[in-house]
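Novice: 3D model of this:
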Amino acid sequence: MTKKANPTVQIKHIDRLLRNADEKLLQFKYSESEKLAADALSGKTSITEEQTSRALSIRGYCCLNTSRYDEAVLFFTDALEIAERISHITLQAMALNGMAMAQRNRVDYHIVLRYAKDALAFAEEAADKIEQRKALNTIGNVLGELKAEHSEALKYFDRSMKLAEEVGDMNSVAVSVSSMGIVYQNLGQYRQAFEHHSRALALAESVGNKEGMSRHLGNLGITYAALSDYERAMDFHTRSLAIAEAIGNKKSIAMSLGRLGNLYQDMDDPSRAIAYFKRSLAISEEFGHTTSIAVCLGNIGGAYRQLGDYQQAFEYLNRALELSLQIGALRPAGFWMHYIASIDHMLGNLEAAATGFLNTLLHRRNIVKSDEAVPSTLLALGKVLLQQGKMEEALGKFAEALRIAQESGEKKMAMEAHKEFAEVYSRSGEIANAFEHLQLYIAFHEEIYNEESRKNIERFNLRLAIAEKENETEILKLKAEHLEQEMKRQEHELSNKTLILVRQTDMLHKLRHDLDGIVRHAATAEKAVRSIREKLKEIPEHLLNWEKFSGEFRSVHPEFEKNLKVKYPSLSQAEVKVCCLLRIGMNTREISTLLFLSERTVELHRQHIRKKLAMPKKIDMHSVLAGI
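Specialist: Predicted structure coming up:
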């Protein structure tokens, strides 16, 4: 007869599986995490609904992090349905956060924000700070991509940062600070961006988070590139890559290589950019991150387009588009579609270009449901329509582009629209309309030029300020190194003098012993005096003394005795002296000689010192005292 499994034991076993799955997820071991969650779900007869919802969400996050967005949405949807049925608010927050993240590259921002804000409400009700931070960061990231919402994005990241500070999670603090730096960079406020990325790097260094250090160094590299300081940008990206390679984090390696490729594109060197993008692609293919693969393919296509190799550009951009659509990365797909259509336009394939730009518009409006980058596509489509002789249709696209650009505050797009209007009306003889749009074009051009001039001056001043700060840091570093070398020299000199004092004290002990022998064994007083005079010639002219040693010790370690007495007030004066001698590396015999004590007495002092300092026997006394 088969023995039935104890349901309580099975439930505990599933809890262990899910805890391990969570740990693997945090360690970026997605295949292992997903297998553990799947194993938990396989025990359908004994698994609780709470465990089922949790396991489904874990599988959703594994799919999310391996670019399987459609699967992720299905898992999160099922997890949410169960969590709602059992009224488990933490699990509802967990599933909703996952839904928001999975939908970021797929649908309208408003839907993503709705999911994330619902998740935040449930997480706050459950007092779950981890899920609160997830929701706050998602909301911040979405708002940070919307130009009109940057100030709101900063508020959400600030809230996330404060929650992380409350629980002492410095890694999460660094992530929030870095996210704020990205928003400031998007705003063109490079000083704040630099300060936030520098702080994020310092936080990652303080907790030894190498992956974070690599990421934050890369963000600083992007900031320097925005300041046109390509030399420093290259240095930071190279350091970022070196750390990623040292820890063997393939995702970080691929990201660093991609950023170096972007930098070479900024430097108008598409050939070298392609080399780095291809290396990034190879690494991304190794660990199977399809989102990264699609981005690399698109970047390579864009670089070939910049190089003028349109055949290769077509090949890579089409591969990027196909993969993006396959994994549900719908927003990036819109960019690849636009680039493909622009190549057709450059090659004179007007019908294909018009179809491509029209499909891009339909994709962005009907599928992504966003006006992001729509004005540029409308302008491009209008230019193609003009070349096809469809002036009225072209004017309609220019008017639509102008309206959206004005609503979204995209001054460059509005300027380009006025320029196109002016040229069309000028060619058709409508001089009044042409002049009106030309004046508006000039007004926008001057406004943009003045803004860019102001920003360029700010960038230049910031570069100077950063250079001055780095020089000050370098000077302080050199001073610190000089001070450290001087301290080592003085300590070495002090140790040498102390050893001389030991030898001289030994000699005095021996002299006293010899004098006693002379006095006892000399036949006459005259002979004893002669012997004593000869013996006195062996004594050096300048003898060191303890008071002089103590003064020299304080000149090398001015705070040691004071700190020692404050921290350990129960130490006797004799024990303090022993500590001073131990601090400069003297052994028991040398200390006994200097203090005119027996070695046994010195050993007792050492035992008392260990006890008062709560120092285990295995711990080296010198290393502990050196830290005081």
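
Novice: Could you give the number of residues near the closest residue to Gly140 other than its chain neighbours?
Specialist: Excluding the flanking residues, the one nearest Gly140 by Cβ to Cβ, 6 or more residues apart in numbering is Tyr156, at 3.8 Å. Bear in mind the C-beta positions are built from the backbone N, C-alpha and C, glycine included. Residue neighbour count, defined by other Cβ atoms under 10 Å, stands at 26 for Tyr156.

Novice: before we move on, what about Val142?
Specialist: Residues near Val142, counting by other Cβ under 10 Å, number 21.

Novice: what separates it from His196, distance-wise?
Specialist: 19 Å (Cβ to Cβ, to the nearest Å).

Novice: Then Asn299?
Specialist: Distance from Asn299 to His196, by Cβ to Cβ: 26 Å.

Novice: Over to Leu378?
Specialist: Counting by Cβ to Cβ - Leu378 and His196 are separated by 35 Å.

Novice: quick one: low-confidence parts of this protein?
Specialist: 1-7, 43-45, 105-108, 147-148, 470-549 (pLDDT under 70).

Novice: one more time with 50, if that's ok
Specialist: 1-3, 536, 539-544 (pLDDT under 50).

Novice: Can you list the residue ranges for helices in the stretch 201-350 of the chain?
Specialist: 210-226, 230-247, 250-266, 270-287, 290-307, 310-327, 330-346, 350-362 (DSSP state H, counting those that start in this stretch).

Novice: Could you do the stretch 1-150 of the chain as well?
Specialist: So, for the stretch 1-150 of the chain - with DSSP H, counting those that start in this stretch - the helices run 7-26, 30-42, 49-65, 69-85, 89-103, 109-126, 129-145, 150-166.

Novice: between these, which gets nearest to Glu407?
Specialist: helix 109-126 (15.3 Å; Cβ to Cβ).

Novice: Report the angle between that closest one and helix 150-166.
Specialist: 30 degrees (axes from the mean of the first three to the mean of the last three Cα atoms, to 10 degrees).

Novice: Just want the angle from helix 109-126 to helix 69-85.
Specialist: Going by the same axes, to 10 degrees, helix 109-126 makes 40 degrees with helix 69-85.

Novice: Which secondary structure elements does helix 109-126 sit against?
Specialist: helix 89-103, helix 129-145 (3 or more Cβ pairs under 8 Å, 6 or more residues apart in numbering; DSSP states H and E).

Novice: buried sites along it?
Specialist: 109, 112-113, 115-116, 118-123, 126 (16 or more other Cβ atoms under 10 Å).

Novice: Off-centre distance for it?
Specialist: For helix 109-126, the separation from the chain centroid amounts to 26 Å (computed by Cα atoms, centre = their mean, to the nearest Å).

Novice: and for it, what are the contacting residues?
Specialist: The contact list for helix 109-126 (Cβ atoms under 8 Å, 6 or more residues apart in numbering) reads 89-90, 92-94, 96-97, 99-100, 103-104, 129, 131-132, 134-136, 138-139, 142-143, 145-146, 369-370.

Novice: Restrict it to CA atoms and write it as CSV.
Specialist: Only the C-alpha atoms of helix 109-126 are listed here, as CSV (Å, rounded to 0.1, in the frame of the first residue of the first chain):
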residue,chain,number,x,y,z
TYR,A,109,2.6,54.4,-21.3
HIS,A,110,-0.7,55.1,-19.6
ILE,A,111,-1.5,51.4,-19.3
VAL,A,112,2.0,50.8,-17.8
LEU,A,113,1.5,53.6,-15.3
ARG,A,114,-1.9,52.3,-14.3
TYR,A,115,-0.4,48.8,-13.5
ALA,A,116,2.5,50.3,-11.6
LYS,A,117,0.3,52.7,-9.6
ASP,A,118,-2.1,49.9,-8.7
ALA,A,119,0.9,47.9,-7.6
LEU,A,120,2.2,50.8,-5.5
ALA,A,121,-1.2,51.1,-3.8
PHE,A,122,-1.3,47.4,-2.8
ALA,A,123,2.4,47.4,-1.7
GLU,A,124,1.8,50.4,0.5
GLU,A,125,-1.3,48.8,2.0
ALA,A,126,0.8,45.6,2.7
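
Novice: just so I know, which of the helices of the stretch 201-350 of the chain lies nearest Glu452?
Specialist: Nearest to Glu452 among these is helix 210-226 (12.8 Å), distances taken as Cβ to Cβ.

Novice: Can you pull out the residues in contact with the closest one?
Specialist: 171, 174-175, 178, 181-182, 185, 190, 193-194, 197-198, 200-201, 203-205, 230, 232-237, 239-241, 243-244, 246-247, 249, 252, 255-256, 259, 262-263, 266, 459.

Novice: out of Asn299 and His196, which sits in the busier spot?
Specialist: His196 (28 against 24).

Novice: For burial, what's the neighbour tally of the residue nearest to the more buried one when sequence neighbours are not counted?
Specialist: Sequence neighbours aside, Gly181 is the residue nearest to His196 in space, at 3.2 Å (criterion: Cβ to Cβ, 6+ apart). By other Cβ under 10 Å, 28 other residues sit near Gly181.

Novice: again with Leu217
Specialist: 25.

Novice: out of everything not next to it in sequence, what's closest to it?
Specialist: That would be Ser240: by Cβ to Cβ, 6+ apart, it lies 3.9 Å from Leu217.

Novice: wait, that neighbour sits on Arg259?
Specialist: Yes. Applying Cβ atoms under 8 Å as the test, Ser240 and Arg259 come out as touching, 7.2 Å apart.

Novice: Looking only at neighbour counts, state which of those two leads.
Specialist: Higher neighbour count among Ser240 and Arg259: Ser240, with 26 against 22, using other Cβ under 10 Å.

Novice: Quick check: the gap between that one and Ala246.
Specialist: 11 Å.

Novice: what's the spacing between Ala119 and Asn461?
Specialist: In terms of Cβ to Cβ, Ala119 sits 42 Å off from Asn461.
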